[in-house]
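J.: What follows is a protein structure lacking sequence information:
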């Protein structure tokens, strides 16, 4: 399974944008980049995914580098409810392989 | 409401006493999976099922059994639980289990084996 590298923790302020980086230098051409998050005491929750192009949805944006060796999850205006562990996952077939993720703290 | 449900949410049991954790989804998904989450080890896949009567091992299948007799249900069976199976368990489902598919997770079952 291809690996991802994320910072252990990040901190931001409420109502400010947050950029969560992920390195995946061993990504293959068929790997999708998925982001999930896990709020305290809950199961993981899908955030966004992409293959080659940047993606937007109601929760976030995903910016994928041209060489696909890194990506950035962008929360445009963080709220306290966005405090969670964010996982960047490369997915080829059925399995999600979770790393340690980035623990995001949002300050009021 | 589309959801994955798990029961029980909390369970304390003793070594060797067989138990079943149920998982059900109402989204007509073909794919279902079980994960366990442990501090420092993250989430690891136990078993998965691509469709009814089709199951396969994940990364940590030892000590667990599963069955998939109906599309909506995917129970996790611990025939002789041991303390090292104390963990937080999550069930997940997706439409077909393909790489672009979103996986939907249940709320988790916290199991303690004494």
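T.: Everything's here; your move. Note that the structure is a prediction, hence the values are computed from the model and not measured.

J.: Look up which residues are beta-bridged to the residue nearest the centre of chain B.
T.: By CA atoms, centre = their mean, chain B has its centre lying nearest to residue B:34, at 2.9 Å. Counting by DSSP bridges, residue B:34 is bridged to residue B:47, residue B:91.

J.: where's the residue of chain A found nearest chain B, which helix or strand?
T.: As assessed by CB to the nearest CB, chain B sits closest to residue A:43 within chain A, at 3.4 Å. Glycine gets a C-beta too; all of them are placed from N, C-alpha and C. Residue A:43 is part of no helix or strand, with elements assigned from DSSP states H and E.

J.: Spit out the contact partners of it.
T.: Each residue near residue A:43 by CB atoms under 8 Å, 6 or more residues apart in numbering or on different chains is listed here: B:4, B:90, B:92, B:105, B:106, B:107, B:108.

J.: The residue nearest to the centre of chain B contacts residue B:66, doesn't it?
T.: Yes: here residue B:34 lies in contact with residue B:66, judged by CB atoms under 8 Å, at a distance of 6.7 Å.

J.: Need the residues touching each of the two.
T.: Counting by CB under 8 Å, 6+ apart, the shared contacts of residue B:34 and residue B:66 are B:46, B:47, B:74, B:76.

J.: ok so, going back, out of the contacts of residue A:43, the closest to chain A would be?
T.: residue B:105 (3.4 Å).

J.: number of nearby residues for the closest one?
T.: 23 (other CB atoms under 10 Å in any protein chain shown).

J.: Give the bridge partners for it, please.
T.: residue B:92.

J.: Need the pLDDT of it.
T.: Residue B:105 carries a pLDDT score of 97 in this model.

J.: pretty sure it contacts residue A:87?
T.: No: counting by CB under 8 Å, residue B:105 stays clear of residue A:87, with 11.6 Å between them.

J.: Select only the buried ones of the contacts of residue A:43 in PyMOL?
T.: Only the buried entries of the contacts of residue A:43 go into this PyMOL selection, using 16 or more other CB atoms under 10 Å in any protein chain shown:
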select buried, chain B and resi 4+90+92+105+106+108
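
J.: Who are the contact partners of the residue nearest to the centre of chain B?
T.: So residue B:34 contacts B:23, B:45-48, B:58, B:64, B:66, B:74, B:76, B:89-92 (CB under 8 Å, 6+ apart).

J.: can you do 7 Å?
T.: Each residue near residue B:34 by CB atoms under 7 Å, 6 or more residues apart in numbering or on different chains is listed here: B:46, B:47, B:66, B:76, B:89, B:91.

J.: go on, residue A:73?
T.: Residues near residue A:73 by CB under 7 Å, 6+ apart: A:20, A:35, A:47, A:48, A:60, A:62, A:86.

J.: Can I get these in JSON lines including neighbour count, secondary structure and distance to chain B?
T.: As requested, those are exported to JSON lines (neighbours: other CB atoms under 10 Å in any protein chain shown; DSSP: H, G, I helix; E, B strand; the rest coil; distance: CB to the nearest CB, whole Å):
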{"residue": "A:20", "neighbour count": "22", "secondary structure": "strand", "distance to chain B": "17"}
{"residue": "A:35", "neighbour count": "24", "secondary structure": "strand", "distance to chain B": "11"}
{"residue": "A:47", "neighbour count": "21", "secondary structure": "strand", "distance to chain B": "10"}
{"residue": "A:48", "neighbour count": "21", "secondary structure": "strand", "distance to chain B": "10"}
{"residue": "A:60", "neighbour count": "19", "secondary structure": "coil", "distance to chain B": "14"}
{"residue": "A:62", "neighbour count": "22", "secondary structure": "strand", "distance to chain B": "13"}
{"residue": "A:86", "neighbour count": "22", "secondary structure": "strand", "distance to chain B": "13"}
